[in-house]
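Visitor: With the sequence up front, the predicted model follows.
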Amino acid sequence: MLLELGVFMAGLALLLLAIFAVPTLLQIRRTARNVEYTAKTLNQNLPGILTSLDEITTNLASSSMSLRGQIESVRVAVDKIVGIADDVVDFERNLRQTIEEPLVDTLTTFAAVVKGIRVFLDVFRSRTS
């Protein structure tokens, strides 16, 4: 009787285990189907995604090269503008040196002549009066 009770209890435990295992097995089955569907979708879409990614990479590389060329063009233009500005500054400096010294000398001479004429007129007036 004890053996029968032990077999009955073992059978009942096995039955309960089977009943509680069914929902878990069903969930595992659904998860496996979802994984299979996801893998199939990924295998179908992955080549297109990789092609698009390759195009994006190519376009990005092309844009980068174009941008480098434009930056180089701008750098050359800026260097030319800097050179022109330096030339203008040098021209202004040379022009100032060329004109300023003779002009100052001329003005000094003119001021001396005017002062001399003024002194002459003052002396001439004082003697005639």
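Guide: Nice, I can see it.
Visitor: any idea how far residue 13 is from residue 25?
Guide: 18 Å (C-beta to C-beta, to the nearest Å). The way it works is simple: take the backbone N, C-alpha and C, and place the C-beta from them, glycine included.
Visitor: Residue 121: neighbouring residues, count only.
Guide: 10 (other C-beta atoms under 10 Å).
Visitor: and it, what helix or strand is that in?
Guide: Under the criterion of DSSP states H and E, residue 121 resides in helix 2-128.
Visitor: Mean confidence (pLDDT) on that helix, please.
Guide: Throughout helix 2-128, pLDDT has a mean value of 90.
Visitor: Could you check how far residue 38 is from residue 45?
Guide: In terms of C-beta to C-beta, residue 38 sits 11 Å off from residue 45.
Visitor: ignore the last one, residue 56
Guide: Counting by C-beta to C-beta, the separation of residue 56 from residue 45 is 16 Å.
Visitor: Equivalent analysis for residue 29, please.
Guide: 25 Å.
Visitor: cool, residue 127 as well?
Guide: In terms of C-beta to C-beta, residue 127 sits 118 Å off from residue 45.
Visitor: Looking at the two, which one has more neighbours?
Guide: For residue 127 versus residue 45, the count of surrounding residues by other C-beta under 10 Å is larger for residue 45: 10 against 7.
Visitor: How many neighbouring residues does residue 67 have?
Guide: Counted with other C-beta under 10 Å, residues neighbouring residue 67 total 10.
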